[in-house]
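> from the sequence below, what's the structure:
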Amino acid sequence: MDHNKQNNSQLECSKPTAVKAANEITCFDESIYFNRSISHQAMGSLAILAKTIGWKKAIIEGADHSLTNYVISPRRAFFFPILEINEGDKVLDAGSGWGNISAKIARGFPTTQVYALDRSNSTTSFANTISKQEHLDNMYVVHADIMHSPFGKNSFDVVIMLGLLDWLGMAVQSDSPRTSQILVLKRIYDMLRPGGRLLIGAENRIGHRFFVGARDSPSGLRFITLLPRQLANFYSLRKNKTPYVTYTYSERGYRKLLSESGFDEPTFYAAIPNYRYPTTICDLKSVKEIAHYRFAKAIPSSIVGALAGSFYIKVRR
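Here you go, the predicted model:
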């Protein structure tokens, strides 16, 4: 079956209606937004190379080491066991980026329907190339804003948000970054079927590495996540000339955020060293047993877990 026709057939009953079909991708967003990890010119060259020699070879030969690792590292999919993906599930990868996680799910669970949703023109094009070259007829690439996605209530069994939640303050217009995050989480709650699972991969605002001067990824600033929000905003305005809008939280903060969005009883996992490239995923109470830092042996397990670098958070509707 023609891949673009199949994509469209899967979305026939969805709203809003697609505004255009660009590069064989079903599109619900007319805005032009490019992934910040790579320049528009470099992305264009990489896209052409992917269509010429294959997407994986293009990434290895045409991208820098960090991007290559991000797209092809097998560690990116280590979270699969805790998510409990089942054959026949309908899965939304919200903020799917390059499409590598969506492709791994579609490949590993052939009877699932996997929707790779992102508002970046550059990465959705690349994700579509992966889907076509690997003949993943169960993977559908959608260019859309998560707040105005085409999917209605009770659409999905699984929703994945890896590294998306903290960026919503920049992407969704509201009176505050936290309000933007709640709006999107409520939207996802509605899209999940009863019993559906949401998995979030996110940084811990009070992760131990921030106390020793590690930079916050979105802002590039040291110690900013540890500051009160107003002071962090002042710091960002002085250093970056932009407000601080990429909010992360502690375990307690994420619990409150999810509760206000309609979700109850989240399960937290420590992702070591981080949720992007985990080597170990464990219960927060078990972090002390595997921590490499000497100070960790001298403090209670609950505190060591609370200082984990980043989390996977699983919650059911």
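> A helix includes Ser236, no?
Yes - assessed with DSSP: H, G, I helix; E, B strand; the rest coil, Ser236 lies in a helix.
> what residues are up against it?
219, 221, 224, 242-244 (CB atoms under 8 Å, 6 or more residues apart in numbering). C-beta: built from backbone N, CA, C; applies to glycine.
> quick one: low-confidence residue ranges for the chain.
For the chain, the stretches flagged by pLDDT under 70 are 1-37, 291-297.
> give me the longest strand you can find in it.
In the chain, assigned by DSSP state E, the strand with the most residues is strand 192-203.
> output it as CSV - backbone C-alpha positions only.
Once non-C-alpha atoms are left out, strand 192-203 reads as follows in CSV (Å, rounded to 0.1, in the frame of the first residue of the first chain):
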residue,chain,number,x,y,z
LEU,A,192,-5.5,8.2,26.4
ARG,A,193,-7.9,5.4,26.6
PRO,A,194,-9.0,4.2,30.1
GLY,A,195,-6.1,2.2,31.5
GLY,A,196,-3.7,3.8,29.0
ARG,A,197,-0.1,4.6,29.9
LEU,A,198,1.9,7.8,29.7
LEU,A,199,5.7,7.7,30.0
ILE,A,200,7.6,10.9,30.6
GLY,A,201,11.4,11.2,30.4
ALA,A,202,12.5,14.3,32.2
GLU,A,203,15.4,15.9,34.2
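> next secondary structure element downstream of that strand?
Downstream of strand 192-203, the first helix or strand assigned by DSSP states H and E is helix 208-211.
> buried stuff in that following helix?
Buried residues in helix 208-211, counted by 16 or more other CB atoms under 10 Å: 208-210.
> try stretch 76-96
The neighbour-count check on stretch 76-96 (16+ other CB under 10 Å) flags 76-79, 83, 85, 89-96 as buried.
> just the ones in strands from those, please.
Judged by DSSP E, the subset of those located in strands is 90-94.
> now tabulate those in CSV and tack on distance to Cys282.
What follows is those, written out as CSV (distance: CB to CB, whole Å):
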residue, distance to Cys282
Lys90, 29
Val91, 24
Leu92, 26
Asp93, 24
Ala94, 25
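> residues contacting the nearest residue to Gln113 once chain neighbours are set aside?
Leaving out its chain neighbours, the residue that sits closest to Gln113 by CB to CB, 6 or more residues apart in numbering is Lys90, at 4.8 Å. Residues in contact with Lys90, defined by CB under 8 Å, 6+ apart, are 112-113, 115, 155-158.
> and the helices in the chain?
Remark: helices assigned in the chain by DSSP state H are 3-10, 40-53, 55-62, 65-72, 80-83, 100-108, 121-133, 168-171, 177-191, 208-211, 229-240, 251-260, 287-290, 301-306.
> which one of the buried residues of helix 208-211 is nearest Gln230?
Proximity of the buried residues of helix 208-211 to Gln230 (CB to CB) peaks at Phe210, which lies at 18.2 Å.
> surely the closest one and Ser219 touch.
No - using CB atoms under 8 Å, Phe210 is not in contact with Ser219; the gap is 11.5 Å.
> how many neighbours does Ala298 have?
By other CB atoms under 10 Å, 9 other residues sit near Ala298.
> now it: how far from Lys288?
Noted for Ala298: a distance of 10 Å to Lys288, by CB to CB, to the nearest Å.
> Leu257 now?
26 Å.
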